[in-house]
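> sequence plus the predicted model coming up.
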2 protein chains.
Amino acid sequence: MTSARERILDAYVDVLGVEGERYATVEAVAAKAGVSKGGLLYHFPSKDHLAGALCDRLAALAAEDAQKMRTSPEGPARYYVRSSHYAGTPLDRAVMAVSRLQQTGDARARAVIEAASSEWLTILHDALGNLDLALAVKLIGDGLYYNALHSALGGHPITTDADEGLLAVVDRIVADHRVS
Amino acid sequence: MTSARERILDAYVDVLGVEGERYATVEAVAAKAGVSKGGLLYHFPSKDHLAGALCDRLAALAAEDAQKMRTSPEGPARYYVRSSHYAGTPLDRAVMAVSRLQQTGDARARAVIEAASSEWLTILHDALGNLDLALAVKLIGDGLYYNALHSALGGHPITTDADEGLLAVVDRIVADHRVS
DNA sequence: GTCTATATTGTGATAGAC
DNA sequence: GTCTATCACAATATAGAC
């Protein structure tokens, strides 16, 4: 049995991702986690603490992912674009949730997204040797997140499969710039 | 002097874009527009009507833009990527505002963004003749919006200049695929 | 058309029982 | 550790004066 703390955090991610920030009330999250409002507020003294814990979780998951991306056999560019297709992984869900949080003006949410984003761009730049090219690849991945962000609400479960045609275009862009 | 209705709608776009959905209360919007809460609710019988009017405004601006994009001398691909850099145009501001609205689960916001998105992709597909390539270009533009969405909050005024290096990469991608 | 109350509801947070 | 009240406050919306 996972700890109550983790279950509550999972429920928060879930409600943020599926219903949106407006519906992620303490009561709704508590209900989803199977505890009462008071029960939740024992583990997280305020809603703000809950948000902070979520940001910490994303920071940890993003650091893990950066490591995988750096050492990926297919190369960071293909890895980034492929993994930017929403597939419901813990990282995907955390990014979606914190993106929603960030829209409320939460400064930590902004900072953690900005940090991860900057790290991913650095990895692409290191691998591709060209900042404009790295930016183009990064933006394709970000665009996938943007679309997921707009598709995921209102109970639409999304999970887009990695798009082979798009990946082929990315491969080609990268290859074309390498020979120049 | 613009009509009070338009002034209120402008204020709504402003607050949504700069402070976020959470702070876009009827009172805050009314204050920004220089009227009272009751004054606002005379023009828009409910907050929901206000949201609906904003979606209608975006639909009109997006239709205008699609026309410009189709007939752009630089070509739809370069036009789309260049104009996706946030420059504070009425369309930029409306997209940003409705994106924020969409995050609350508003169905009309979702529909209008989805419709514009689909139209832009169609134009790119028609111009480039290759759906995967059109998708890649579209995603680069969407990625720019995604980043603007995260940068714009908390009083950070953004207005990114069009990035010539990125545009050059896009030109090259398009050219490379045309000869094949 | 625009304002000042006021009613109503929803939300975050506290207190204290178990 | 978790629950059931309960409080304090903010937000939408209404009513009626001007």
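That came through fine.
> just checking, what packs against the helix or strand bottoming out on mean pLDDT in chain A?
Of all the helices and strands that make up chain A, helix A:164-179 has the lowest average by mean pLDDT, DSSP states H and E, namely a mean of 92. Helix A:164-179 sits against helix A:76-84, helix A:107-128, helix A:131-151, helix B:131-151, helix B:164-179, with contacts defined as 3 or more CB pairs under 8 Å, 6 or more residues apart in numbering or on different chains; DSSP states H and E. Backbone N, C-alpha and C define where each C-beta goes, glycine included.
> what residues are up against residue A:29?
A:8, A:11, A:12, A:15, A:40, A:50 (CB atoms under 8 Å, 6 or more residues apart in numbering or on different chains).
> recalculate using a threshold of 10 Å.
A:8-16, A:23, A:35, A:37, A:40, A:44, A:47, A:50 (CB atoms under 10 Å, 6 or more residues apart in numbering or on different chains).
> next one: residue A:145
Going by CB under 10 Å, 6+ apart, residue A:145 touches A:84, A:85, A:86, A:92, A:95, A:96, A:99, B:139, B:142, B:143, B:146.
> ok so, going back, chain center to the least confident helix or strand of chain A, what's the gap?
Offset of helix A:164-179 from its chain centre (CA atoms, centre = their mean, to the nearest Å): 24 Å.
> so which of the helices and strands packed on helix A:164-179 is nearest residue B:106?
Counting by CB to CB, residue B:106 lies closest to helix A:131-151 out of the helices and strands packed on helix A:164-179; the figure is 11.3 Å.
> report the buried residues of the closest one.
Across helix A:131-151, burial judged by 16 or more other CB atoms under 10 Å in any protein chain shown covers A:132-151.
> in this structure residue A:103 contacts residue B:97, no?
No - here residue A:103 lies out of contact with residue B:97, judged by CB atoms under 10 Å, at a distance of 11.7 Å.
> next, show the common contact partners of these two.
Jointly contacting residue A:103 and residue B:97 under the rule CB under 10 Å, 6+ apart are B:16, B:21.
> what does chain A have sitting close to DNA strand C?
Applying CB under 7 Å from any atom of the strand, one finds that chain A approaches DNA strand C through A:23, A:25, A:26, A:27, A:37, A:38, A:41, A:45, A:46, A:47, A:48.
> quick check: longest helix of chain A.
Assignment by DSSP state H gives helix A:47-70 as the longest helix of chain A.
> what is it packed up against?
For helix A:47-70, the packing partners by 3 or more CB pairs under 10 Å, 6 or more residues apart in numbering or on different chains; DSSP states H and E come out as helix A:4-18, helix A:26-33, helix A:37-43, helix A:76-84, helix A:90-102, helix A:107-128.
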